[in-house]
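Kindly return the folded structure for what I paste below:
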Amino acid sequence: MATVHKKIKRKPARLKRLPKGPSGGVELLLIQSVEHLGKQGQVVEVKPGYALNYLIPEGLATFASEHHKRMVDKHRAKLQEIERQRQAELRAIASEISKQSVTIEANATPEGHLYGSVGAPEIIAALKKNGVTLAAEQIKLEGPLKELGLYTVKIRLSSEVDGEIKVWVVPSVGGDK
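Numbering: from 1, shown residues only. The predicted structure follows:
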């Protein structure tokens with residue numbers, strides 16, 4: 001006896017409704033700060049594709065349910081205090097860095113033009129000798145330093161904290177060729 005198989009029609013799986021914002025986008029609560037979007041704990045509205053393909057899978061945001069909003073409201077003051085302390089620490093570090101100056105030796109012509117140039121990597125190495133560790137993207141040069149002299153270089157520790165450091169570019173001992 002042959003068995004008869006009937007095809008069962010299945011309904012497509014329905015996706016959970018996304019919480020719509022006032023402009024028709026998806027309302028999300030940011031778990032971490034996202035540049036050009038918002039800070040941690042903020043409720044933002046984005047397009048569904050950006051939410052489902054990037055923010056939620058990367059763990060940067062979650063759906064903005066009433067429960068999540070209440071939790072964030074409770075912890076907002078705590079987060080602001082932590083951020084305030086962090087900014088105060090960065091300001092203190094920027095103040096300490098601003099009091100320092102670094103000297104970088106470079107080969108130069110008798111007229112004072114460098115054979116090469118001094119950039120962020122050389123400044124970072126000189127700061128490291130003084131016990132200060134910075135990343136290359138924190139040093140804001142308008143261009144490479146190509147002559148001997150004293151330069152004021154801007155340093156950005158965070159989006160709200162900037163500092164400056166004096167950089168002396170001097171001829172290396174026996175550097176005249």
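
So which residues make contact with stretch 106-114?
The contact list for stretch 106-114, computed with Cβ atoms under 8 Å, 6 or more residues apart in numbering, reads 115-116, 118, 122, 145-149, 169-172, 175-177. (Each C-beta comes from the backbone N, C-alpha and C, glycine too.)

Tell me the buried residues within the residues you listed.
Neighbour-count burial (16 or more other Cβ atoms under 10 Å) is assigned, among these, to 118, 122, 145, 148, 169, 171.

and those as JSON lines, adding distance to S158 and pLDDT?
Output for these, formatted as JSON lines (distance: Cβ to Cβ, whole Å; pLDDT from 0 to 100):
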{"residue": "V118", "distance to S158": "25", "pLDDT": "88"}
{"residue": "E122", "distance to S158": "24", "pLDDT": "90"}
{"residue": "L145", "distance to S158": "25", "pLDDT": "87"}
{"residue": "L148", "distance to S158": "32", "pLDDT": "90"}
{"residue": "V169", "distance to S158": "27", "pLDDT": "90"}
{"residue": "P171", "distance to S158": "36", "pLDDT": "89"}
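
So which of those sit within helices?
E122 (DSSP state H).

could I get the longest strand seen in the chain in CSV with only the CA atoms?
Ranked by residue count, the top strand of the chain under DSSP state E comes out as strand 162-171. Extracted in CSV, the C-alpha atoms of strand 162-171 (Å, rounded to 0.1, in the frame of the first residue of the first chain):
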residue,chain,number,x,y,z
ASP,A,162,41.3,69.1,24.0
GLY,A,163,44.8,70.0,25.0
GLU,A,164,48.1,71.3,23.6
ILE,A,165,51.7,70.3,23.8
LYS,A,166,54.9,72.1,22.8
VAL,A,167,57.0,70.2,20.4
TRP,A,168,60.6,71.3,19.8
VAL,A,169,62.1,70.1,16.6
VAL,A,170,65.9,70.4,16.9
PRO,A,171,68.8,69.3,14.7
